[in-house]
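got a predicted model here, sequence first, then my questions.
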Amino acid sequence: MSTLNELAAGPGSKPGRPSRRLTGKLSTFDIVFTVLAFNAPLSVFVGFIPVIIGSGNQLGAPTAYLAAGALILVFAVGFTSMGRHLPNPGAFYAYITAGLGKPLVLGASFLAIVSYFFILVGGYAFGGISLEALVTDVLGGPEVPWWAYTLLLMTIVGTLGYFKITLSAKILTVSMIFEVILMVAFDVAAFINGGPEGLTTAPFEPANMLSGNIGLALLFGIVCYAGFEATAVFREEARSPEKTVPRATYIAILSMGSIYALTAWAQIIAIGPGTVVEASATDPTGTVMGVVSQLLGKIVMDVMIVLLCSSIFAANLATHNISARYLYSLSVDRVFPAALSRVHSRHDSPHVASLATSVIAVIFLAVVVIAGAPGATLYAVLVGVGGYALILLLILTSAAVVVYFHKRPELKVNRWKSQVAPVAATLGLIVAGVLATQNIAVMIGGDETLAAFLMALFYGCLVIGIILALIFRRTKPDTYARIGRQEI
């Protein structure tokens, strides 16, 4: 039988000569900043936290982030433990294969790709709108359609995605440092000044922790942690992956949980617990911008708008890189055309898969622009449903961890890592999935028909993948054997 390296060889490769594979020297913090960039913390600060305060569980927003972070942290216990025994790159793709089998994982991989493209194009739309606001409102420039700025973003992101991953990592790191500095400055100012009603512990009172729409708060909270699987996606490009990947996973989750919960608390203090819920429900973004201007000054608020644009750009770059590597993994397995598995001879990047990602994103954008979809609505819809799909993937991956360790007692992994934590995470994520299903229409603006269509699309991806895998098993056994980054 051929080896995976031989099969991944590009045109002109000789049998027996291994092809180029993805390589790199990403450090722990390179990967951590890539994960943080995917989540765009400043966008969470301006867009998600006030929504959870206004429409979620209100004053209990900080505890919603802590609860969601605790659930993801428990999930990470089994996730990282399985990774030590399953060195295949591909993250969810490889993990679900090892635990639940090839047919289901092919469906899950299709679901993941659709999910990431929804998030990617939604992020591009948000970036276009933010750039339009920056140029027109702050800089006094000419009015240009938001989609023109989006195309500019796509061009820059696509160019960076073509080159060595360490270049993207450096850019993401610089962007994230400035974002975190600004958020910490806001938090410090809020706690020092005390707000109109002084310092308060209201978010941690039992009555407030359980107030409002807990389901919606938990759903949005989990979405804000999306992308941490990138720690495993970049395994091939990491330095000492056995140490780097688990370390980056825990640091990313703990960092996000800490800063999100602290900033939510700071927003409640700065605006005042008596008025913050109503103000955030009426004008989420405007309320945050107003209090930033009040505490830190208009100049800082203008800087924040600039950093918001850079934050969205960083998120788009991170999402593009993750999406390209999913296409790469499926092409290495020959589910997708072999050309997508080519690795650049100088940049060690999946350059063809990266170009394909850019082309698909441009086509996606063209369709929605021609359809007349407004950018702001497009962002909310695409990112919301993309997050819903990621929760489904977390459920499948967590279940795969449980099954994987159950079938392999010879690995002698302790019960906490192999049974208790994975089972607890699976049950918690199922609850989150039920809540997500109940609230998906709310996430996309209340359109029940659109919600039903999107759910049919996601579950349809699972079914199509399962059917295609079964067809491969009968007609292309070599391809079937490779599914999930498995060597044959």
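Sure, I can see it. As the structure is a prediction and not an experimental result, all values here were calculated from the model. Numbers count the residues shown, from 1 in each chain.

neighbours of Tyr250, how many?
Neighbourhood size, Tyr250 [other C-beta atoms under 10 Å]: 17. Using the backbone N, CA and C atoms, a C-beta is placed for each residue, glycine as well.

surely it is within a helix?
Yes. Under DSSP: H, G, I helix; E, B strand; the rest coil, Tyr250 falls within a helix.

ok, it touching Ala76?
Yes. Here Tyr250 reaches Ala76: they are 6.3 Å apart, a contact under C-beta atoms under 8 Å.

after the worst-scoring helix or strand of the chain on mean pLDDT comes which helix or strand?
Taking mean pLDDT, DSSP states H and E as the measure, the chain has helix 4-7 as its least confident helix or strand, at a mean of 34. The first helix or strand that comes after helix 4-7 along the chain, using DSSP states H and E, is helix 28-39.

so how far is that following helix from its chain's centroid?
11 Å (C-alpha atoms, centre = their mean, to the nearest Å).

number the residues from 6 up from this point.
Taking 6 as the first residue, the last one we looked at is helix 33-44.

then that helix to CSV, C-alphas only?
Below are the C-alpha coordinates for helix 33-44, written out as CSV (Å, rounded to 0.1, in the frame of the first residue of the first chain):
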residue,chain,number,x,y,z
THR,A,33,2.9,28.3,22.4
PHE,A,34,2.1,32.0,22.3
ASP,A,35,2.0,32.2,18.5
ILE,A,36,-0.8,29.6,18.7
VAL,A,37,-2.5,31.3,21.7
PHE,A,38,-2.6,34.6,19.9
THR,A,39,-4.0,33.0,16.8
VAL,A,40,-6.9,31.5,18.9
LEU,A,41,-7.5,34.9,20.6
ALA,A,42,-7.4,36.6,17.2
PHE,A,43,-10.1,34.2,15.9
ASN,A,44,-12.4,35.3,18.7
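
give the other helices and strands that that helix contacts.
Using 3 or more C-beta pairs under 8 Å, 6 or more residues apart in numbering; DSSP states H and E, the elements in contact with helix 33-44 are helix 170-198, helix 235-238, helix 246-276, helix 303-337.

could I get these in TSV, plus columns for distance to Gln63 and mean pLDDT?
Formatted as TSV, these follow (distance: least, C-beta to C-beta, whole Å; pLDDT from 0 to 100):
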stretch	distance to Gln63	mean pLDDT
helix 170-198	18	79
helix 235-238	31	62
helix 246-276	9	86
helix 303-337	24	82
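
take these and lay them out in CSV including distance to Gly61.
Output for the helices and strands packed on helix 33-44, formatted as CSV (distance: least, C-beta to C-beta, whole Å):
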stretch, distance to Gly61
helix 170-198, 19
helix 235-238, 26
helix 246-276, 10
helix 303-337, 21
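
out of these, the one nearest Val293 is which?
Shortest distance between Val293 and the helices and strands packed on helix 33-44, using C-beta to C-beta, is found for helix 246-276: 6.7 Å.

in the helix or strand just after the closest one, what counts as buried?
Where DSSP H and E defines the elements, the next helix or strand beyond helix 246-276 is helix 281-287. For helix 281-287, burial by neighbour count (16 or more other C-beta atoms under 10 Å) applies to Val281, Val282, Ala284, Ser285, Ala286.

what is the nearest of those residues to Asn44?
Distance to Asn44, by C-beta to C-beta, is smallest for Ser285 among these, at 20.0 Å.

what about the closest one, distance to Tyr265?
Applying C-beta to C-beta, to the nearest Å, the value for Ser285 to Tyr265 is 15 Å.

Arg420 now?
Per C-beta to C-beta, Arg420 is found 31 Å from Tyr265.

out of the two, name the residue with the larger neighbour count.
Each of Arg420 and Tyr265 has its neighbours counted (other C-beta under 10 Å); Tyr265 has more, 28 against 9.

how near is that one to Lys417?
To Lys417, Tyr265 is 36 Å away according to C-beta to C-beta.

repeat that for Leu360.
Leu360 sits 45 Å away from Lys417, going by C-beta to C-beta.

more neighbours: these two, which one.
Leu360 (15 against 7).

the more buried one against Gly163, yeah?
Yes. Here Leu360 reaches Gly163: they are 7.1 Å apart, a contact under C-beta under 8 Å.

still on that earlier bit, pick the most deeply packed of the helices and strands packed on helix 33-44.
Mean neighbour count, computed with mean count of other C-beta atoms under 10 Å, is highest for helix 235-238 among the helices and strands packed on helix 33-44, reaching a mean of 28.

state the distance from Leu475 to Asp35.
Per C-beta to C-beta, Leu475 is found 39 Å from Asp35.

what about the two, which has more around it?
More neighbours surround Asp35 than the other of Leu475 and Asp35, with 23 against 14 (other C-beta under 10 Å).

Gly145 belongs to a helix, doesn't it?
No. Looking at Gly145 with three-state DSSP, it is coil, so not inside a helix.

neighbours around it, how many?
7.

same question for Thr206.
10.

also the one 3 residues further on?
Other residues within reach of Phe209, judged by other C-beta under 10 Å, total 14.

could you do Tyr464 as well?
Tyr464: 14 surrounding residues under other C-beta under 10 Å.

can you tell me the element it falls in?
With DSSP H and E as the test, Tyr464 turns up in helix 453-480.

let me see the mean pLDDT of whichever helix or strand comes after that helix.
For helix 453-480, the following helix or strand on the C-terminal side (DSSP H and E) is helix 482-487. Averaged across helix 482-487, the pLDDT comes to 85.

what is helix 482-487 packed up against?
The contact analysis (3+ C-beta pairs under 8 Å, 6+ apart) places helix 482-487 against helix 9-12, helix 453-480.

which of these sits closest to Leu116?
Of those, nearest to Leu116 by C-beta to C-beta is helix 453-480, at 4.5 Å.

wait, which of the helices and strands packed on helix 482-487 is closest to Ile227?
Among those, helix 453-480 comes nearest to Ile227, with 16.0 Å by C-beta to C-beta.

counting contacts, what elements does the closest one pack onto?
helix 107-138, helix 380-412, helix 426-448, helix 482-487.

ok, now which ones touch Ala45?
Residues near Ala45 by C-beta atoms under 8 Å, 6 or more residues apart in numbering: Gly128, Glu184, Ser316, Ile317, Ala319, Ala320.

7 Å instead, please
The contact partners of Ala45, taken as C-beta atoms under 7 Å, 6 or more residues apart in numbering, are Ser316, Ile317, Ala319, Ala320.

quick one: it from Met309, how far?
Using C-beta to C-beta, Ala45 is found at 13 Å from Met309.

what of Arg330?
Distance, Arg330 to Met309, using C-beta to C-beta: 31 Å.

check Tyr464 too.
Here the criterion is C-beta to C-beta. By it, Tyr464 lies 40 Å from Met309.

cool, and Ile124?
Distance, Ile124 to Met309, using C-beta to C-beta: 23 Å.

for Phe410, same thing?
To Met309, Phe410 is 45 Å away according to C-beta to C-beta.
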